[in-house]
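Chemist: below are the sequence and a predicted model for it; my questions follow.
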Amino acid sequence: MSEKFDAFLDKFLDMGIPGYDCMICMDGKEIYRRKAGYADKENKIPVQGNELYNIFSCSKPITCVAALQLWEKGLYQLDDELCKYMPEFTDMMVKLDDGTLVPAKQKITIRHLFTMTAGLTYDVFSDNLRQGCKDTNGKCPTREMVKYLAKDPLAFQPGEKFRYSLCHDVLAAFVEVISGMNFNDYVTEHIFKPLGMSDSSFLYQEEDFRTRNFAQMYRYIKKDDGFEIEKRPYDSLDFENNYNNLRWGPLHASGGAGCVATVEDYMCFLNAWCKGNVLLKQSTTDMMLTNQLTPEAAEEMYFVQKYHGHGYGLGVRCPLPGETWHIDSGWGGAAGAFLAIDPIHQFTMFYAEHVIGHAEAQHLRYEMFDAARKSFGF
């Protein structure tokens, strides 16, 4: 069975990706692990399986689980207005296509943050965020930076459309407000430590990138005569020159893209999340993995053509009602990480690589769950 999936994964190497690590579990037990290629191609260091990866948007499910833990405690309601807790979102403006600014017709709700329907964008270098960096002396604390983000106009009226955005970065700041804890401290205390995720963090520092066992990061660059994989040094965490453009400073815990983890650590999270009644109540997990988008909002889900049969729940892709084949939930990251869970079969999978912007490899990630399902017969 595994030989077919081996061959599928090795297509990534054929497309120029230096190395990868993939793990699959059923009922929380490992049934497959494959490590191939190099963690550092220039120095011929093979993937060992204990490397740290920037998992980028695979951070989002962790952030959403953290926020839903607080919801389970009755500390807020999903349809509460965000400005009730974060006043800077009280009087939001919407920028129309012609550049005109008009008042938002309704308030952003907490549900809008989970479902990427708040009207936010992914403009990580807006003038207001740049000012926030200056005002905080380059430290960029999570809660403070969201106050500057709230000064940016919305791209559409809250609740009317889906747009992939900084919603989950705001959700991390919301966790700080509700819990009274630094976001990374909250996640460490309530998710990482209980699950034994000792290498995972939202706040690795510059020195860590030089001294810890990080897989080397690369960037895919397409050229007229082919492509090249450019090495990306971990040399800075300052706003203008940081290594990933999504973490703005050393105190910014990016709920949408800031987690660093090993494959084994992240699989601990996936197994607990998939099992239910560990991190969240089963009913909460079920809600999280249920489509929340209206048909109108779903039309704006720009990758819907790639994810046939999927909707969007509370922070993750999820099956649409009645879907019998595309039954996985999960997400992917900017440097190639990909996760899938299937609670029906208690299946979990995590694939990690470290190449930013390899668009030509995206179709393989879209096909990964189907390939695993065919290979392992469920």
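Modeler: Received the coordinates, thanks. These figures come from a predicted structure and were not determined experimentally.
Chemist: all helices of the protein, in order?
Modeler: Per DSSP state H, the chain carries helices over the ranges 2-14, 60-72, 110-115, 127-135, 142-149, 167-179, 183-187, 193-195, 206-211, 263-275, 282-288, 295-298, 362-376.
Chemist: I'd say Ala297 and Gln157 touch.
Modeler: No - under the criterion of C-beta atoms under 8 Å, Ala297 is not in contact with Gln157, lying 11.3 Å apart. C-beta: built from backbone N, CA, C; applies to glycine.
Chemist: the two: who's more crowded?
Modeler: Ala297 (20 against 16; other C-beta atoms under 10 Å).
Chemist: give me the pLDDT for the more buried one.
Modeler: Per-residue confidence at Ala297 stands at 81 (pLDDT).
Chemist: sorry, back to before: next, format the helices of the chain as JSON lines and append distance to Arg34.
Modeler: Shown next, in JSON lines, are the helices of the chain (distance: least, C-beta to C-beta, whole Å):
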{"stretch": "helix 2-14", "distance to Arg34": "6"}
{"stretch": "helix 60-72", "distance to Arg34": "23"}
{"stretch": "helix 110-115", "distance to Arg34": "33"}
{"stretch": "helix 127-135", "distance to Arg34": "39"}
{"stretch": "helix 142-149", "distance to Arg34": "36"}
{"stretch": "helix 167-179", "distance to Arg34": "30"}
{"stretch": "helix 183-187", "distance to Arg34": "29"}
{"stretch": "helix 193-195", "distance to Arg34": "23"}
{"stretch": "helix 206-211", "distance to Arg34": "26"}
{"stretch": "helix 263-275", "distance to Arg34": "11"}
{"stretch": "helix 282-288", "distance to Arg34": "28"}
{"stretch": "helix 295-298", "distance to Arg34": "34"}
{"stretch": "helix 362-376", "distance to Arg34": "11"}
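Chemist: closest to Gly28 out of the ones you listed?
Modeler: helix 263-275 (4.5 Å; C-beta to C-beta).
Chemist: contacts made by the closest one with the rest, please.
Modeler: 21-23, 25, 28, 30, 49-51, 53, 55, 58, 61-62, 65, 191-192, 195-200, 261, 278-280, 285, 339, 341-343, 346-350, 352 (C-beta atoms under 8 Å, 6 or more residues apart in numbering).
Chemist: show me what the strand ranked longest in the chain is packed against.
Modeler: When the chain is parsed with DSSP state E, its longest strand is strand 29-40. When contacts are defined as 3 or more C-beta pairs under 8 Å, 6 or more residues apart in numbering; DSSP states H and E, strand 29-40 packs onto helix 2-14, strand 19-26, strand 45-46.
Chemist: please name the nearest non-neighbouring residue to Glu367.
Modeler: Phe8 (7.8 Å; C-beta to C-beta, 6 or more residues apart in numbering).
Chemist: Tyr32 now?
Modeler: In space, Tyr32 is closest to Ile24, 4.0 Å off (C-beta to C-beta, 6+ apart).
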